[in-house]
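Chemist: need the 3D shape of this:
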Amino acid sequence: MTALSKAIKEAAHRGEQIYLQTCTVDSVNESERTIECTPLDEGAQLTGVQLQAVTDERGGLCMFPKVGSYVVVGFFDRHNAAVLLSTEIEKITINVNDTVCIKNEAYSLAQAFRDLLTAIGKLTVTTGVGPSGVPINVTEFQQIQQKLDKLLE
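Modeler: Okay, the predicted model is just below:
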């Protein structure tokens, strides 16, 4: 359990309110999943502000704010702060132990890939002597589809 995870749990058990501060993002450290930012009241720069509670590779969603954007930082104690909101996101990573589901009411990313790979597998091209046959590497597309089915829901 990280120090931030522990601080969040302890603040919740104590029923304490967290202190919030609005800041401008000065830099982002993707490998550490932290930012440096300056409070809008021109207070001292905050360093090592966490972007997620768990900072190892076990999983989770991590949103990396854009440098220069505004963030709301929550303080769980004197030493543990995390980004709670951001006006602009530069990058999002999702690490999961199972499958990823990205969809709206009409369509999913998994279905879009299935449809695309099916269409590629049926691709024919007009030639001087008639239409060509299906791609000679159609099995490669089928293997890619199998891998995507394991990754996407």
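
Chemist: just the strands from the chain, written as ranges.
Modeler: 19-29, 34-39, 46-50, 60-65, 70-77, 80-86, 89-95, 126-127, 130-131 (DSSP state E).

Chemist: same for the third one, what does it pack against?
Modeler: Using 3 or more Cβ pairs under 8 Å, 6 or more residues apart in numbering; DSSP states H and E as the contact criterion, the neighbours of strand 46-50 among helices and strands are strand 34-39, strand 70-77, strand 80-86. Heads up, the C-betas are built off the backbone N, CA and C, glycines and all.

Chemist: could I get those as JSON lines with mean pLDDT?
Modeler: Rendered in JSON lines, the data for the helices and strands packed on strand 46-50 read as follows (pLDDT from 0 to 100):
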{"stretch": "strand 34-39", "mean pLDDT": "96"}
{"stretch": "strand 70-77", "mean pLDDT": "92"}
{"stretch": "strand 80-86", "mean pLDDT": "93"}
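
Chemist: in a markdown table, list those along with mean neighbour count and distance to G60.
Modeler: As requested, the helices and strands packed on strand 46-50 are exported to a markdown table (neighbours: other Cβ atoms under 10 Å; distance: least, Cβ to Cβ, whole Å):
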| stretch | mean neighbour count | distance to G60 |
| --- | --- | --- |
| strand 34-39 | 20 | 14 |
| strand 70-77 | 18 | 17 |
| strand 80-86 | 19 | 12 |
